[in-house]
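Engineer: Everything below, folded, please.
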Amino acid sequence: MRQKVVVGMSGGVDSSVAAYLLKEQGYEVVGVTMLTGRDDDPAVAGQSEAEGESSAVKEAQKTCEILGIEHSVVDFKSEFNKQVLGYFVSEYVRGCTPNPCIACNRYVKWKSLLFRADQLGAERIATGHYAKIIRLENGRYSVRNAVTATKDQTYALYGLGQDQLARTLMPVGDYEKEEIRRIAERLGLAVAHKPDSQDICFVPDHDYAGFILRKTGMESAPGNFVDENGRVLGRHRGLIHYTVGQRKGLGISAETPLFVKELRPETNEVVLCRSEALFARECLVADVNYMAVEALDAPTPAIGKIRYSHKGSPCVLYPNEDGSIRCVFEEPQRAMTPGQAAVFYRGDYVLCGGVIVRSDRCALRPR
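Structural biologist: Got it, this is the predicted structure:
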């Protein structure tokens, strides 16, 4: 009897080809498109039809018709609103820069897909992520780098749990992006040359502050720009307009370029500095999720990535009694940002990962 697998289909080329590859491997494939409700926001609803949620459903349905597989739609607007949108807003208000895609993967996409799989009696779920899943000699599961380094998505998957990984397939991890597009073209899929999604799906205009203001109705209180010694340099528009490492849009004149070093919600201050002051060797990482091991009990060498586009750098991880990790890099790293993920690798697979913090107000989960 064939194993049944539920494939999360976004209407894009990667998930479409993932469904095809699994069918070719002999699985009974069911395509599922998840509704987030992001079209309910005026700014999102005004985007082009090709990028809208209704379009994604239609594209996924067309693909399933061509492949001859079942398709269904699952509404998870409530979970998305709480676990992703709520978290996104609350972290920005705290002066942190969140990773909504990471929260969505762990607490919404995988949870919803597995729930749907159980309803359908499916043993597995699958996605179109560029990553691989491996089972190590110690019996634990981890995500391994995809064949294509430029598309590798392991950083955004570090938060998945062992039960989630054990039931997940990621078939496109063995392919280059252009190979995936050629397969889709050969199959006659309309999404073969559909552009990749960029940035945060629910803020297509990149105006994060505007989204937060529309979502909460609150005003973004102006405050002071200060230097590292506390000297007032000018006035800012509100903390939600800024993130660590930012240079553009400050409206401050100086002899040398100034960058955001720190956000201080308790005093409503934005600390500015020169570029060299953004570099540091250490960061504190909390809300740690372990993949390759159950926990760390001694200083452990690793390769650390402090943002999605970061190439990774050698470091040593020191476990703390409270469950957090002190990470010390061999070389100073630029703009380690509270709220962003720090993901640690052993070779080409994920050892563990967590959230960069400077206090306990930045967390992966919404509060």
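Engineer: my guess is D163 is in a helix, correct?
Structural biologist: Yes: judged by DSSP: H, G, I helix; E, B strand; the rest coil, D163 forms part of a helix.
Engineer: which residues sit in contact with the spatially closest residue to P265 that is not a sequence neighbour?
Structural biologist: Leaving aside its chain neighbours, P265 sits nearest to G95 (4.3 Å; criterion: CB to CB, 6 or more residues apart in numbering). In short, each C-beta sits where N, CA and C put it, glycine included. G95 sits next to 239, 263-265, 338, 361 when contact means CB atoms under 8 Å, 6 or more residues apart in numbering.
Engineer: between the residues you listed, which is nearest V29?
Structural biologist: P338 (41.1 Å; CB to CB).
Engineer: So what's the residue count around the closest one?
Structural biologist: Other residues lying near P338 total 23 when counted by other CB atoms under 10 Å.
Engineer: Can you give me the buried ones in the top strand by length along the chain?
Structural biologist: If you go by DSSP state E, the chain has its longest strand at strand 279-290. Going by neighbour count (16 or more other CB atoms under 10 Å), the buried part of strand 279-290 is 283-290.
Engineer: Specify the next element, helix or strand, located C-terminal of the helix or strand of the chain with the lowest mean pLDDT.
Structural biologist: None of the helices or strands of the chain scores lower by mean pLDDT, DSSP states H and E than helix 42-45, at a mean of 42. Downstream of helix 42-45, the next assigned helix or strand under DSSP states H and E is helix 53-67.
Engineer: Quick one: mean pLDDT over that following helix.
Structural biologist: What helix 53-67 shows for mean pLDDT is 90.
Engineer: Show the residue spans covered by the helices in the stretch 151-300 of the chain.
Structural biologist: Per DSSP state H, counting those that start in this stretch, the stretch 151-300 of the chain carries helices over the ranges 162-166, 177-187, 208-216.
Engineer: Please produce TSV containing the ones you listed, extended by mean pLDDT and mean neighbour count.
Structural biologist: Listed next are the helices of the stretch 151-300 of the chain as TSV, based on pLDDT from 0 to 100; neighbours: other CB atoms under 10 Å:
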stretch	mean pLDDT	mean neighbour count
helix 162-166	98	15
helix 177-187	96	16
helix 208-216	88	17
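Engineer: quick one, which of those is nearest to L233?
Structural biologist: The nearest among these, by CB to CB, is helix 208-216 at 20.3 Å.
Engineer: Can you give the contact residues for that closest one?
Structural biologist: The contact list for helix 208-216 (CB under 8 Å, 6+ apart) reads 41-43, 85, 88-89, 92-93, 200, 202-203, 218-220, 237-238, 240-241.
Engineer: let's see it at 10 Å
Structural biologist: 41-44, 81, 85-86, 88-90, 92-93, 97-98, 199-200, 202-205, 207, 218-220, 237-243 (CB atoms under 10 Å, 6 or more residues apart in numbering).
Engineer: ok so, going back, got the helices of the stretch 151-300 of the chain as TSV, with distance to E70 columns?
Structural biologist: As requested, the helices of the stretch 151-300 of the chain are exported to TSV (distance: least, CB to CB, whole Å):
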stretch	distance to E70
helix 162-166	23
helix 177-187	17
helix 208-216	35
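Engineer: ok so, going back, export the longest strand of the chain to PDB, keeping only CA atoms.
Structural biologist: Extracted in PDB, the C-alpha atoms of strand 279-290 (Å, rounded to 0.1, in the frame of the first residue of the first chain):
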ATOM      1  CA  PHE A 279      30.900  44.800  15.700                       C
ATOM      2  CA  ALA A 280      31.000  42.300  18.600                       C
ATOM      3  CA  ARG A 281      32.200  38.800  19.300                       C
ATOM      4  CA  GLU A 282      29.600  37.600  21.700                       C
ATOM      5  CA  CYS A 283      25.800  37.300  21.900                       C
ATOM      6  CA  LEU A 284      23.400  35.700  24.200                       C
ATOM      7  CA  VAL A 285      20.900  33.200  22.600                       C
ATOM      8  CA  ALA A 286      17.700  32.100  24.400                       C
ATOM      9  CA  ASP A 287      14.600  30.000  23.500                       C
ATOM     10  CA  VAL A 288      17.100  27.400  22.200                       C
ATOM     11  CA  ASN A 289      15.700  24.500  20.000                       C
ATOM     12  CA  TYR A 290      18.100  21.500  19.800                       C
END
